[in-house]
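S.K.: How does the following fold in three dimensions:
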Amino acid sequence: MPRARSIDSVVPFPGHAEGALDRQRRSLAGVPWMDLLATSGALLLVGIPLAVSVVALLDAAKRPQWAWSLADRNQLLWLAMILGGILSVLLGLVISGWYLLKVRPVVAAAEQGRLPERRSSDRRADPGR
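M.R.: Below you'll find the predicted structure:
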């Protein structure tokens, strides 16, 4: 009667069983931790800039047009730039960050009645000032 062979000796593809055993050894309780970490990292790499861009887009869309006019900013331009920036992760993060840190406070102040100081290029020479 022939002896029974172990599963390691019957391998349909060379190196197949060793790869499966190595993956099983690397995992804890059947969870492939390296795959989980790589997927989580990729999700964060794309998810955080996307979330920042969505927050900036929603904030820019909810501000009234008159506040944008008082702040000397173009709402449609900023909405288009933020939307276009969503297509590129890094560019979207830069545009949305600029909006949230530099443009939003000016528009929000105009919405609350605090008019921004005019830009120096818009000022006319006023000898009485």
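S.K.: contacts, neighbours, all on C-alpha from now
M.R.: OK.
S.K.: List the buried residues for the strand or helix carrying residue 61?
M.R.: Secondary structure assignment for residue 61, by DSSP states H and E: helix 33-62. By neighbour count with 16 or more other C-alpha atoms under 10 Å, helix 33-62 contains the buried residues 49-50, 52-54, 56-57, 60.
S.K.: Please give me every residue in contact with residue 92.
M.R.: 49-50, 53, 82, 84-86 (C-alpha atoms under 8 Å, 6 or more residues apart in numbering).
S.K.: Output these in a markdown table; the columns should cover pLDDT and distance to residue 110.
M.R.: Below are the contacts of residue 92 laid out as a markdown table (pLDDT from 0 to 100; distance: C-alpha to C-alpha, whole Å):
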| residue | pLDDT | distance to residue 110 |
| --- | --- | --- |
| 49 | 89 | 27 |
| 50 | 91 | 27 |
| 53 | 95 | 22 |
| 82 | 96 | 21 |
| 84 | 94 | 26 |
| 85 | 92 | 25 |
| 86 | 89 | 27 |
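S.K.: nearest to residue 65, of these?
M.R.: Distances from residue 65 to those, taken as C-alpha to C-alpha, are shortest for residue 82 (16.8 Å).
S.K.: you'd agree the closest one is up against residue 95?
M.R.: Yes: proximity of residue 82 to residue 95 meets the contact threshold set by C-alpha atoms under 8 Å, at 6.2 Å.
S.K.: Look at those two and report which has more neighbours.
M.R.: residue 82 (25 against 20; other C-alpha atoms under 10 Å).
S.K.: how about that one, what does it touch?
M.R.: By C-alpha under 8 Å, 6+ apart, residue 82 lies in contact with 53, 56-57, 92, 95-96.
S.K.: Beyond the strand or helix carrying it, next helix or strand please.
M.R.: Using DSSP H and E, residue 82 sits in helix 75-86. Next in sequence after helix 75-86, counting helices and strands by DSSP H and E, comes helix 89-98.
S.K.: mean confidence for that next one?
M.R.: Helix 89-98 carries an average pLDDT of 92.
S.K.: Now the next helix-or-strand element following that helix: buried residues?
M.R.: Using DSSP H and E, the helix or strand that follows helix 89-98 in sequence is helix 104-111. Within helix 104-111, the residues that count as buried by 16+ other C-alpha under 10 Å are 104, 106-108, 110-111.
S.K.: Sounds good, over and out.
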